[in-house]
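Asker: Turn this into a model:
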Amino acid sequence: MRVLIEPWLRGPIEGVSPFVAPLLYSFQMAREDLARHTESLTVEQIWASPGGGASIGFHVRHAGGAADRLCTYLEGRELSEAQMTALRAEGNPGASREELLRELDGNLSRVEAVASALNASALSEVRMVGRKKLPTTVIGLLIHIAEHTQRHVGQAVTTARLVRQATA
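Answerer: Numbers count the residues shown, from 1 in each chain. Presented below is the predicted three-dimensional model:
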């Protein structure tokens, strides 16, 4: 059995604030967990909804889309119409595992680039979220992006297990 060393135990990330690094560790773990737990699943299995729950495809797409949208708030901007359209399409079936993982990677890479460029002094700056412009901070957004991503990864992993059991 191969022992997997989790990203947060692989050492500091050169050039990245230790306050931002946990987000990057979280994203790397998300990529690795999803790749491992969705390996060899068919498109039908990716989009299955066991027990009426959300599909693996939805969870993967939503994790990346939400990270992208929250990053927009991190940058102090409003969501674009393209982001809103993507949000409405997150549950639309059809994309393959490879397409979904590529899409997720692109979204997470964008957030990583923005977060890595942050100066530690910016972490307490206020940011507004959503149409209601609810207040948070840069560090609050970073932590929420990490935990929200992991929440959906966990749901995708659990759903993958259920789908495998149902088709065994």
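Asker: need the longest helix for the protein.
Answerer: Counting residues, the longest helix in the chain under DSSP state H turns out to be helix 138-166.
Asker: who does it touch, helix- and strand-wise?
Answerer: Applying 3 or more Cβ pairs under 8 Å, 6 or more residues apart in numbering; DSSP states H and E, one finds that helix 138-166 makes contact with helix 21-38, helix 43-46, helix 56-74, helix 97-116, strand 126-129. Using the backbone N, CA and C atoms, a C-beta is placed for each residue, glycine as well.
Asker: let's see it at 6 Å
Answerer: Other elements packing on helix 138-166 under the criterion 3 or more Cβ pairs under 6 Å, 6 or more residues apart in numbering; DSSP states H and E are helix 21-38, helix 56-74.
Asker: who touches the last one?
Answerer: Same thing as helix 56-74. By Cβ atoms under 6 Å, 6 or more residues apart in numbering, the residues outside helix 56-74 that reach it are 46-47, 79, 83, 86, 90-91, 100, 103-104, 107-108, 111, 114, 127, 129, 141, 145, 148-149, 152, 155-156, 159-160.
Asker: quick check: mean pLDDT across that helix?
Answerer: Per-region confidence: helix 56-74 scores 98 on mean pLDDT.
Asker: Show me what secondary structure element comes after that helix.
Answerer: Where DSSP states H and E defines the elements, the next helix or strand beyond helix 56-74 is helix 81-88.
Asker: Okay, buried residues for that next one please.
Answerer: Within helix 81-88, the residues that count as buried by 16 or more other Cβ atoms under 10 Å are Ala86.
Asker: To what extent is the nearest residue to Ile13 once chain neighbours are set aside buried, counted in neighbours?
Answerer: Leaving aside its chain neighbours, Ile13 sits nearest to Ala21 (5.0 Å; criterion: Cβ to Cβ, 6 or more residues apart in numbering). Residues lying near Ala21 (other Cβ atoms under 10 Å) number 17.
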